[in-house]
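A.B. asks: okay, sequence plus prediction incoming.
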Protein chains: 2
Amino acid sequence: MTDDASHDFDQQFDLGRFLPYLLNQAAEATSRSFQEAYRGDFGMSRTQWRVMANLGKFGAMTAAEICRISHIEKTKVSRAVAALEAAGHLRREADPADRRAAHLSLTEAGRRVYGQLGLRARDYDAALRAALGVAEAEALERALRRLIAMGSPEQST
Amino acid sequence: MTDDASHDFDQQFDLGRFLPYLLNQAAEATSRSFQEAYRGDFGMSRTQWRVMANLGKFGAMTAAEICRISHIEKTKVSRAVAALEAAGHLRREADPADRRAAHLSLTEAGRRVYGQLGLRARDYDAALRAALGVAEAEALERALRRLIAMGSPEQST
DNA sequence: GCAGAATAGTTGCAACTGCAACCAAGTCAA
DNA sequence: TTGACTTGGTTGCAGTTGCAACTATTCTGC
């Protein structure tokens, strides 16, 4: 029998109900299933796929904007951009007004890849939502958005 | 409807609603906030904390059992166990009946650490659930569990 | 009892990541 | 203008990860 504040290690903490733990497992499980789409067929990393998806969705934007929107670390974005450019999926154009910034956009080839992956992603997402039930999926989405907003204080939408 | 499925890249895929993407962001945001607890104060990695939490919850078990329960890769578990043992948080005892397996359990020191982290985790989880609303948190938990179960076909509990 | 398959766990390697430090360009104020 | 500060982006380094290959032990069928 220990004494100080630590003898209560049989406390009520239930790892199986710890939300960060469950979130990680669910994220891992779902991302992993989809991974073969971008990795197996196009040799992309998760980060590369996400950067591409952001560009596909929002059109041309700078790396900093991608960071703000997607909450991906700037170094991850930087390296993903370099890889995507090397693969010919992405093009950068210097901003004449601000020579630090580069406007990124998908090349024709990149858009084709994005088109294929986007379709697959849509199907996969639909399958997940169907498995959960439409209403539950909506509720899940709302909850996730709340948690994401809590983590990073800046949110516009 | 397209056959080569590539020229319709302005399709309905909305990254901002892609569940794996949202799950990852939410998992990242929540895990990151809690990270200082085990990393800052005890120098542990996420995996180490999870392995410890499993041992704290279930008592002595083998590495393979931890893998099955927590869905963590065996190599991650192996390295986490080595680190925890080196830190004196964990002890391994060879199974006399099966000399491949080792029964892992927390040392007294490990249990103390687990006690502290468990309390903090409980508080953090409670804060998250309070922010979401109790009912929404329950629904979230159910949805996550479903997704996790879908990912890995074997499920017991 | 034995060859072959399965299981527990470790390790090498290559990739990915996070952090901090860094460079370059732009901004602000006096 | 000049100097301090901010911002866009890259890089070095150390740590973490995933995968495949590996050893050692146990199990299975015959």
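C.D. replies: The structure has been received and is ready for your questions. Residues are numbered from 1 along each chain as shown, chains lettered A, B, ... in the order given.
A.B. asks: who does the residue nearest to residue A:61 when sequence neighbours are not counted form a beta bridge with?
C.D. replies: Distances taken as Cβ to Cβ, 6 or more residues apart in numbering or on different chains place residue A:104 nearest to residue A:61, at 6.2 Å, with adjacent residues excluded. For every residue, glycine as well, the C-beta is placed using N, CA and C. Counting by DSSP bridges, residue A:104 is bridged to residue A:61, residue A:92.
A.B. asks: for chain A, just list every one of the strands.
C.D. replies: A:61-62, A:90-94, A:102-106 (DSSP state E).
A.B. asks: just to revisit the earlier point, so the residue nearest to residue A:61 sits against residue A:67, correct?
C.D. replies: No. Using Cβ atoms under 8 Å, residue A:104 makes no contact with residue A:67, being 11.7 Å away.
A.B. asks: hey, where'd the helices end up in chain A?
C.D. replies: Ranges of helices in chain A, per DSSP state H, are A:19-35, A:41-42, A:46-58, A:63-70, A:74-86, A:108-132, A:134-151.
A.B. asks: and the residue positioned nearest the centre of chain A, how far from DNA strand D?
C.D. replies: Centroid-nearest residue in chain A, with Cα atoms, centre = their mean: residue A:50, separated by 5.4 Å. Counting by Cβ to the nearest atom of the strand, to the nearest Å, the gap from residue A:50 to DNA strand D is 15 Å.
A.B. asks: would CSV of the helices of chain A with mean pLDDT be doable?
C.D. replies: Below are the helices of chain A laid out as CSV (pLDDT from 0 to 100):
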stretch, mean pLDDT
helix A:19-35, 94
helix A:41-42, 90
helix A:46-58, 95
helix A:63-70, 95
helix A:74-86, 97
helix A:108-132, 95
helix A:134-151, 93
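A.B. asks: which one of those lies nearest to residue B:87?
C.D. replies: Among the helices of chain A, helix A:19-35 comes nearest to residue B:87, with 21.0 Å by Cβ to Cβ.
A.B. asks: remind me what that closest one packs against, helices and strands.
C.D. replies: Counting contacts by 3 or more Cβ pairs under 8 Å, 6 or more residues apart in numbering or on different chains; DSSP states H and E, helix A:19-35 packs against helix A:108-132, helix B:19-35, helix B:108-132, helix B:134-151.
A.B. asks: got the angle for that helix vs helix A:46-58?
C.D. replies: In terms of direction (axes from the mean of the first three to the mean of the last three Cα atoms, to 10 degrees), helix A:19-35 departs from helix A:46-58 by 80 degrees.
A.B. asks: helix A:19-35 near DNA strand C anywhere?
C.D. replies: No. Judged by Cβ under 7 Å from any atom of the strand, helix A:19-35 makes no contact with DNA strand C; its nearest approach is 10.3 Å.
A.B. asks: buried set for that helix?
C.D. replies: Within helix A:19-35, the residues scored as buried using 16 or more other Cβ atoms under 10 Å in any protein chain shown are A:19-31, A:33-34.
A.B. asks: hmm, which two among those are most spread apart?
C.D. replies: Comparing every pair within the buried residues of helix A:19-35 by Cβ to Cβ identifies A:19 and A:34 as the most remote, at 22.2 Å.
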